[in-house]
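>>> sequence and predicted structure below; questions after.
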Amino acid sequence: MEILFYIFGVVAIVAALSVVFQRTPVYSALSLIVVLAALAVIYLLLGAPFIAMVQVIVYAGAIMVLFVLVIMLLNAGHEGPSAHRAKFARWVGPPLLLAFLVEFGVIVWKQYGLTGAASAPALDASPAAIGRLLFKSYILPFEVTSILILVAVLGAVVLAKKQL
Amino acid sequence: MIPLSHILLLSVILFTLGAAGFIIRRNVITVFMCIELMLNAVNLAFIAFARRLPGLDGQLFVFFVIVVAAAEAAVGLAIIVALYRNRNSLAIDDVDSMKL
């Protein structure tokens, strides 16, 4: 079981590298779908089957279809050289990100060691258990997100109209 | 048993890659996809800690993050379409002023 985690972890990292370094947006989008699928497998291994299915259906299914549709609608092609690119972000950004990575690695190493165990016995994370929690303790956030979705739908329709 | 530290390291590597893409890419859509990548890295950390605790609350947070990401994608892509209509370009360098 553990070997699957490492396999799909490497797949996720390679695909994420591909998302960042591909110069054509469609290839980036397809690589992002690979990342999402690999993460869904890892969620399954970590005892979150409901979230894994939501990840595949909503993220890889709905959201990425939207992305690919917009990329093809706008005919987004190869990223050409820029007339006026910001040099500052290119020179300051990567060292800061490297510092972030090292710092976080040190924190994790100090806190949990290299093999700190993740494990408690797996809980019942079936859709029934999640639903019970969602409609009891988290009923207010649930209702608020439904309003958020409604506002987002209206906003998307207004923004994408011909005349802004 | 998968060590918690390995899951967190995977999460932070994915987050850093997303942030790097956010900085070095210039296509608006690719930048947007890098934001999604960062959201997913945080989701992975949530799931790992939910397993560690143990509890289901972390999984519900991931559920809400996915819902908010869906709303964000709908509005964000509509903004990108409107942007393309007005400026005829997807390069983020061309979007340096709020006025048209």
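Perfect, I can see it now. All figures in this text were calculated on a predicted structure; none of them were measured in a lab.
>>> chain center to the longest helix seen in chain B: distance?
Secondary structure of chain B per DSSP state H: the longest helix is helix B:57-87. Between the mean C-alpha location of helix B:57-87 and the chain-wide mean there is a distance of 9 Å, by CA atoms, centre = their mean, to the nearest Å.
>>> for that helix, buried residues please.
Judged by neighbour count using 16 or more other CB atoms under 10 Å in any protein chain shown, the buried positions of helix B:57-87 are B:58-67, B:69-84. (Glycine included, C-beta is placed from N, CA and C.)
>>> next: stretch B:36-48.
So for stretch B:36-48, counting by 16+ other CB under 10 Å, buried means B:36-48.
>>> same deal with stretch A:20-33?
For stretch A:20-33, burial by neighbour count (16+ other CB under 10 Å) applies to A:20, A:22, A:25, A:28-33.
>>> averaged pLDDT, it. What do you get?
Averaged across stretch A:20-33, pLDDT comes to 92.
>>> how about stretch A:65-82?
Here the average pLDDT along stretch A:65-82 is 81.
>>> other residues contacting that stretch?
Residues from elsewhere that reach stretch A:65-82 (CB atoms under 8 Å, 6 or more residues apart in numbering or on different chains): A:23-26, A:29, A:32, B:25-27, B:29-30, B:32-33, B:73-74, B:77, B:80-81, B:84, B:90-91, B:93.
>>> and it, how far out from the chain middle?
With CA atoms, centre = their mean, you get 19 Å for stretch A:65-82.
>>> got the angle for the helix or strand where residue A:129 lies vs helix B:57-87?
For residue A:129, the host element (DSSP states H and E) is helix A:127-136. Put simply, helix A:127-136 runs at 80 degrees to helix B:57-87, going by axes from the mean of the first three to the mean of the last three CA atoms, to 10 degrees.
>>> now check whichever helix or strand comes after helix A:127-136, is it near chain B?
The helix or strand immediately downstream of helix A:127-136 is helix A:139-159, counting by DSSP H and E. Yes - applying CB under 8 Å from any CB of the partner chain, one finds helix A:139-159 in contact with chain B at A:141, A:145, A:148-149, A:151-153, A:155-157, A:159.
>>> just checking the distance from the worst-scoring helix or strand of chain A on mean pLDDT to the centre of its chain.
Sorting the helices and strands of chain A by mean pLDDT, DSSP states H and E puts helix A:87-112 at the bottom, at a mean of 86. Distance, stretch centre to chain centre, for helix A:87-112: 20 Å (CA atoms, centre = their mean).
>>> buried residues in that helix?
Applying 16+ other CB under 10 Å to helix A:87-112 flags A:93, A:97, A:101, A:104, A:108, A:112 as buried.
>>> and chain B, which of those reach it?
A:93, A:97, A:101, A:104, A:108, A:112.
>>> what helix or strand is the most centrally placed residue in chain A on?
Note on chain A: the residue nearest the mean C-alpha position is residue A:36, at 6.3 Å, using CA atoms, centre = their mean. Per DSSP H and E, residue A:36 falls inside helix A:25-45.
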